[in-house]
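Colleague: With the sequence up front, the predicted model follows.
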Amino acid sequence: MKRLLAPIVFLLGLTAFAQGGYEAVYQQTLALPDEVKNIEDEAVRRTLTEQYEAIKNPYTLLCYDGKTLFSPVNITKAVLGTRSIIYVDPSSGEKITKEDVMGKAYLVKEDYVPEKWTVLDETAEIGGYHCKKAVRGFEGEFTAWFTEEIPVHAGPMGYCSLPGLIVKLEMESMTFTLSSVKSSEKLSLKAPSGGKKVSRDELDEIIVEKARSMSNGTGGRVKVVDL
């Protein structure tokens with residue numbers, strides 16, 4: 001790996017978003033929780049580890065004319081907190097999220113605020129693409145590897161402010177990795193609709209409360225996904 005040089009903070013203007021269309025597919029994998037790592041019974045620990053490693057939930061990302069639409073292929077199999085259909089239109093500053101919480105739909109409409117990333121001079125080849133590394137959040141909890149070989153400002157979970165497609169997004173509890181991408185000029189992106197209208201804070205509280213009640217009913221084996 002290359003030595004890290006002077007990082008820069010990258011914040012795109014709304015006029016910089018690329019045109020054209022792309023269809024991408026990502027695989028979501030989950031990090032192994034400490035609760036599983038610390039299980040003393042080796043057989044139980046091995047079984048649960050294998051189950052976590054086998055989880056690979058597919059998500060689709062559609063990009064057209066600067067807009068993006070990110071959603072799980074099978075919403076019922078997605079992890080609680082990532083059952084989201086996320087529509088972002090940076091040119092208008094619009095972001096709409098539809099979240100499924102145990103079969104009930106919630107809709108959040110909010111202003112899109114471009115994320116601030118610190119782009120580093122560290123590079124890697126991922127999935128055949130030359131990628132640059134970027135981090136954001138306190139002490140860099142979020143790491144994105146993006147490629148400028150695919151000229152769209154897009155990625156999983158509605159992240160749209162890096163100068164290229166995010167090939168790999170690493171978070172504390174999960175990772176999204178690009179598995180395929182193709183260009184397409186005949187895409188139709190529609191903002192999600194329906195569901196109970198709530199604020200972002202209200203939705204976060206609903207998800208945490210639901211996860212807490214599920215955890216109590218399963219002996220503490222359900223973990224809240226921190227996004």
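Modeller: Okay, I see it. Treat the numbers as computed from the prediction; the structure is a model and nothing was measured. Numbering: from 1, shown residues only.
Colleague: Got the phi and psi for residue 43?
Modeller: Phi and psi for residue 43, reported as degrees, to the nearest 10, are phi -60, psi -40.
Colleague: ok, it - how many residues close by?
Modeller: Neighbour count for residue 43, taken as other CB atoms under 10 Å: 8. Quick note: C-beta positions are derived from backbone N, CA and C, even for glycine.
Colleague: pLDDT value on it, please?
Modeller: Per-residue confidence (pLDDT) for residue 43: 79.
Colleague: repeat for residue 10
Modeller: 39.
Colleague: list the contacts for the residue lying closest to residue 196 once chain neighbours are set aside?
Modeller: Nearest non-adjacent residue to residue 196, counting by CB to CB, 6 or more residues apart in numbering: residue 106, 5.2 Å away. Residues in contact with residue 106 (CB atoms under 8 Å, 6 or more residues apart in numbering) are 98-99, 195-198, 203, 206.
Colleague: If we use 10 Å, what do you get?
Modeller: By CB atoms under 10 Å, 6 or more residues apart in numbering, the contact set of residue 106 is 84, 97-100, 194-199, 202-203, 206-207.
Colleague: got it, and residue 69?
Modeller: So residue 69 contacts 60-63, 85-89, 96, 154, 158, 187-192 (CB under 10 Å, 6+ apart).
Colleague: next SSE after the helix or strand of the chain with the lowest mean pLDDT?
Modeller: Within the chain, no helix or strand scores below strand 8-10, which has a mean of 40 by mean pLDDT, DSSP states H and E. Sequence-wise, the next helix or strand downstream of strand 8-10 (DSSP states H and E) is strand 21-30.
Colleague: Would you agree residue 130 is in contact with residue 148?
Modeller: Yes: if you go by CB atoms under 10 Å, residue 130 and residue 148 touch, sitting 8.0 Å apart.
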